[in-house]
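Visitor: build me a model from this:
(one chain, ligands or ions: 1)
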Amino acid sequence: MPDLRALVLKVEPEQTIGYSLRDSRYLNITNRCTLRCAFCPKFNDVWTVQDYRLRLNREPTLEEIIAAAGNPQEYREVVFCGLGEPTLRLYTLLEAATRLRPYTQRIRLNTDGLANLVHGRDVTPDLEGLIDALSVSLNAQDEETYNLHCRPKLPGAYHAMLDFVKLAREFVPEIALTAIEGLPGVDISACEKIAQRLGVSFRRRVLDVVG
Ligand code: SF4
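Guide: Reported below is the predicted structural model:
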């Protein structure tokens with residue numbers, strides 16, 4: 001009689017690398033983050049977003065990411081976004097975007113905007129021609145409120161995120177800042193004004209809804 005407990009432990013639960021929402025194909029390439037957002041489902045031990053289980057047993061390889069994109073021509077866009085910060089795998093992300101580029105009209109990156117801070121250099125020129133749109137998590141109208149909700153691991157994160165947006169304007173045609181409706185102390189109209197001042201668009205988000 002086999003040890004059933006051992007068998008169960010060996011079976012890795014299926015992980016979601018690619019998932020579809022509306023007419024977009026999303027790619028979940030890492031669960032690592034530079035922020036530790038208090039509102040994040042993963043810190044509440046909920047890894048499921050709109051019925052997709054986004055906890056990764058291990059980070060997918062480049063080939064697995066490309067395979068998970070399916071046929072990008074069936075979608076309006078391919079979006080790098082999961083329960084994690086895609087730019088922590090910057091070079092895999094850029095290589096995947098390069099490979100997908102000929103097959104999709106639009107590639108969007110959902111990001112915390114902290115790639116320059118993490119990588120210690122301005123990475124925004126690397127995005128040129130590969131990333132058509134950026135959704136950057138502004139999350140708050142000031143540093144204090146941002147730190148309260150996003151709990152950044154690195155100092156200076158809020159201003160680094162704003163600087164990233166300023167620099168990215170030269171290389172990425174569409175940029176939207178986002179903030180979540182209903183978080184205590186978050187002033188959505190003040191967030192919208194920051195986006196206006198930066199000359200980018202703004203989108204309010206609903207908690208736990210990927211977009
Ligand atoms: S950046 Fe996104 S995935 Fe990372 S902790 Fe914040 S909400 Fe969660």
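
Visitor: SS state for the closest residue to Leu138 other than its chain neighbours?
Guide: The shortest distance from Leu138 to any non-neighbouring residue, by CB to CB, 6 or more residues apart in numbering, is to Leu177 (4.0 Å). The C-beta positions use only the backbone N, C-alpha and C, and glycine is treated the same way. Here Leu177 takes the strand state, with states given by DSSP: H, G, I helix; E, B strand; the rest coil.

Visitor: and Leu177, what is it in contact with?
Guide: Val136, Ser137, Leu138, Val165, Cys191, Ile194, Ala195, Leu198, Val200, Ser201, Phe202, Arg203 (CB atoms under 8 Å, 6 or more residues apart in numbering).

Visitor: can you give me the strands in this structure?
Guide: Using DSSP state E, the strands of the chain run over 18-21, 24-27, 48-49, 52-53, 77-80, 107-111, 133-137, 174-180, 201-205.

Visitor: does the ligand have contacts with the fifth one?
Guide: No - using CB under 6 Å from any ligand atom as the criterion, no contacts between strand 77-80 and the ligand are found, and the smallest distance is 12.3 Å.

Visitor: what's that strand packed up against?
Guide: Under the contact definition 3 or more CB pairs under 8 Å, 6 or more residues apart in numbering; DSSP states H and E, strand 77-80 sits against strand 24-27, helix 90-100, strand 107-111.

Visitor: again, but for the fourth one
Guide: Contacts of strand 52-53 with other secondary structure elements, assessed using 3+ CB pairs under 8 Å, 6+ apart, are absent: no helix or strand is involved.

Visitor: picking that back up, got a pLDDT number for the residue nearest to Leu138?
Guide: The model reports Leu177 with a pLDDT of 98.

Visitor: in CSV, list the strands of the chain along with distance to Val123.
Guide: Below are the strands of the chain laid out as CSV (distance: least, CB to CB, whole Å):
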stretch, distance to Val123
strand 18-21, 24
strand 24-27, 18
strand 48-49, 26
strand 52-53, 28
strand 77-80, 14
strand 107-111, 11
strand 133-137, 12
strand 174-180, 15
strand 201-205, 22
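
Visitor: this completes my enquiry, with thanks.
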